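Visitor: sequence and predicted model, in that order:
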Amino acid sequence: MIRINENYLKLQASYLFSDIAGRVSAFQQAHPDREIIKLGIGDVTRALPRACIKAFHRAADEMAEDSTFRGYGPEQGYPFLREKIVAHDFNARGADISPDEIFVSDGAKCDTGNIQEIFATDIKIAIPDPVYPVYVDTNVMAGRTGEFDNGRYKNILYMECTRENNFIPDLPSEPADLIYMCFPNNPTGTTITKDRLQTWVDFAHESKAIILYDAAYEAFIRDDSLPRSIYEVEGAREVAIEFRSFSKTAGFTGTRCAYTVVPKDCAGYDSNGEKHMLHSLWHRRHATKFNTVSYPIQRAAEAIYSEEGKAQVRELADYYLNNAKIIRKEMTAAGFECVGGDNSPYIWIYGKRDSWEFFDMLLQKAGVVCTPGAGFGKCGEGYIRISAFNSLENVQKAMENVKRET
Ligand code: PLP
């Protein structure tokens, strides 16, 4: 009789997006003449930049000739892409990262979910609340948590992000080994300053902890004083692993390309107290379980760093940021307290009522679909997340409805 991994039984079924779909379809059936505008899910809506498409086509043509065809690529990704990443995303901002510390992959979801495999199961993990659910669920699957009780898993150190701390977690009051952070944040849309991030890096040094820094929304930062990478902070090379994605940066959600940075200075310890470099462990894991991103997609990603690509990618993020600005302005004018939306595509809105009540009110009165904050953790109760990923026309229409009806 085959036995299963019983940790999977601890997982809470995620009804969030199916509940949303159910309520939207019930509303549509009851009001077939009402238009519905979806500002709920975090998927982009605009086409890939022209520079990426051109590179993608050229590379596809290369695959059609024996003389230029490519099979399996280098384990960590093609050097042409890793060199550009390092030059533009790190060295240009004074961050000391080298191409052999970059691991190109098919998504930050997989990487943020898989990275925990290289750490022991009995370590203490610190995770923000509210949070991108992948960090929590993958640790549950690995057996690092206890049962789910009263809205939370036992044995996770939840770092509460509330109005009181401006949605930036306080340093843990208990020891933590692995700390998850995400800035610009999903779902709250908040950012962190360099000074504040420095306190976390210092904390990680003192407690021999590792920070997992998810910077999937870095492309939306417009305030140049904010760090785009944790490696802009002193001492981060020894204590931080960073995740980046081309999904939101350049519309690659369906195309799939991302990367993880594991500096060669990051170490962990075995049960005898002996030091081991995390780069070697992640390299082993990556090379064993992953077989690289396809050549045409790596060429498409490389094109983001050309002069043409840089301008197009900036324009793409600016388009969504303009939507975010409109949403924040109108929701504030409608009397709601908002954060995010200035260096982020997400706006986190306090509704002075239950998250689902807030959701239903926006749907029924304004025909706008959002995401109830409670779906991101206990501290999300009372909030909704509105996403700027839609057309300007739809965002304007949605906000006119809110203005008129709420
Ligand atoms: N990290 C965060 C915080 C996200 O919100 C998302 C996607 O919504 C991802 C990672 C996933 O990125 P990718 O498309 O590269 O898997």
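Guide: Thanks, I have the structure now.

Visitor: from now on I want contacts and neighbour counts done on CA atoms only, so please keep to that.
Guide: Fine.

Visitor: regarding Asn291, what is its secondary structure?
Guide: Applying DSSP: H, G, I helix; E, B strand; the rest coil to Asn291 yields a three-state assignment of coil.

Visitor: ok, it touching Gly77?
Guide: No - if you go by CA atoms under 8 Å, Asn291 and Gly77 don't touch, sitting 9.5 Å apart.

Visitor: more neighbours, those two?
Guide: Using other CA atoms under 10 Å, the more surrounded residue of Asn291 and Gly77 is Gly77, with 22 against 16.

Visitor: quick one: residues contacting that one.
Guide: Going by CA atoms under 8 Å, 6 or more residues apart in numbering, Gly77 touches Phe103, Val104, Ser105, Thr292, Val293, Gln298.

Visitor: can you do 6 Å?
Guide: With contacts defined as CA atoms under 6 Å, 6 or more residues apart in numbering, Gly77 is in contact with Val104.

Visitor: continuing past the lengthiest helix in the chain, what's the next helix or strand?
Guide: As assigned by DSSP state H, the longest helix anywhere in the chain is helix 307-333. Next in sequence after helix 307-333, counting helices and strands by DSSP states H and E, comes strand 337-340.

Visitor: need the residues that contact that following strand.
Guide: Residues from elsewhere that reach strand 337-340 (CA under 6 Å, 6+ apart): Gly189, Thr190, Tyr346, Ile347, Trp348, Ile349, Tyr350.

Visitor: direction included, what does it pair up with?
Guide: strand 346-350 (antiparallel) (DSSP bridges).

Visitor: next structured bit after the partner strand?
Guide: As assigned by DSSP H and E, the chain's next helix or strand after strand 346-350 is helix 355-361.

Visitor: touching, Leu278 and Ala267? I think so.
Guide: Yes - using CA atoms under 6 Å, Leu278 is in contact with Ala267, at 5.3 Å.

Visitor: just to revisit the earlier point, just the angle for the longest helix of the chain relative to strand 346-350, thanks.
Guide: Going by axes from the mean of the first three to the mean of the last three CA atoms, to 10 degrees, helix 307-333 is angled at 10 degrees with respect to strand 346-350.

Visitor: what distance separates helix 307-333 from the centre of its chain?
Guide: Averaging C-alpha positions (CA atoms, centre = their mean, to the nearest Å) puts helix 307-333 17 Å from its chain's average.

Visitor: buried set for that helix?
Guide: For helix 307-333, the neighbour count (16 or more other CA atoms under 10 Å) marks 309-310, 312-314, 316-328, 330-331 as buried.

Visitor: also stretch 381-401?
Guide: By neighbour count with 16+ other CA under 10 Å, stretch 381-401 contains the buried residues 381-392, 394-395, 397-399, 401.

Visitor: so which of the residues you listed are in strands?
Guide: Using DSSP state E, the members of those that fall in strands are Tyr383, Ile384, Arg385, Ile386, Ser387.

Visitor: pull out the CA atoms of stretch 314-328 and give them to me as PDB.
Guide: The C-alpha coordinates for stretch 314-328 follow below in PDB (Å, rounded to 0.1, in the frame of the first residue of the first chain):
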ATOM      1  CA  ARG A 314       9.800  51.100 -18.900                       C
ATOM      2  CA  GLU A 315       6.900  52.200 -20.900                       C
ATOM      3  CA  LEU A 316       5.100  48.900 -20.100                       C
ATOM      4  CA  ALA A 317       5.500  49.300 -16.400                       C
ATOM      5  CA  ASP A 318       4.700  53.100 -16.600                       C
ATOM      6  CA  TYR A 319       1.400  52.200 -18.200                       C
ATOM      7  CA  TYR A 320       0.400  50.000 -15.300                       C
ATOM      8  CA  LEU A 321       1.700  52.500 -12.800                       C
ATOM      9  CA  ASN A 322      -0.500  55.100 -14.300                       C
ATOM     10  CA  ASN A 323      -3.500  52.800 -13.800                       C
ATOM     11  CA  ALA A 324      -2.300  52.300 -10.200                       C
ATOM     12  CA  LYS A 325      -2.100  56.000  -9.600                       C
ATOM     13  CA  ILE A 326      -5.700  56.400 -10.900                       C
ATOM     14  CA  ILE A 327      -7.000  53.600  -8.700                       C
ATOM     15  CA  ARG A 328      -5.300  54.900  -5.600                       C
END
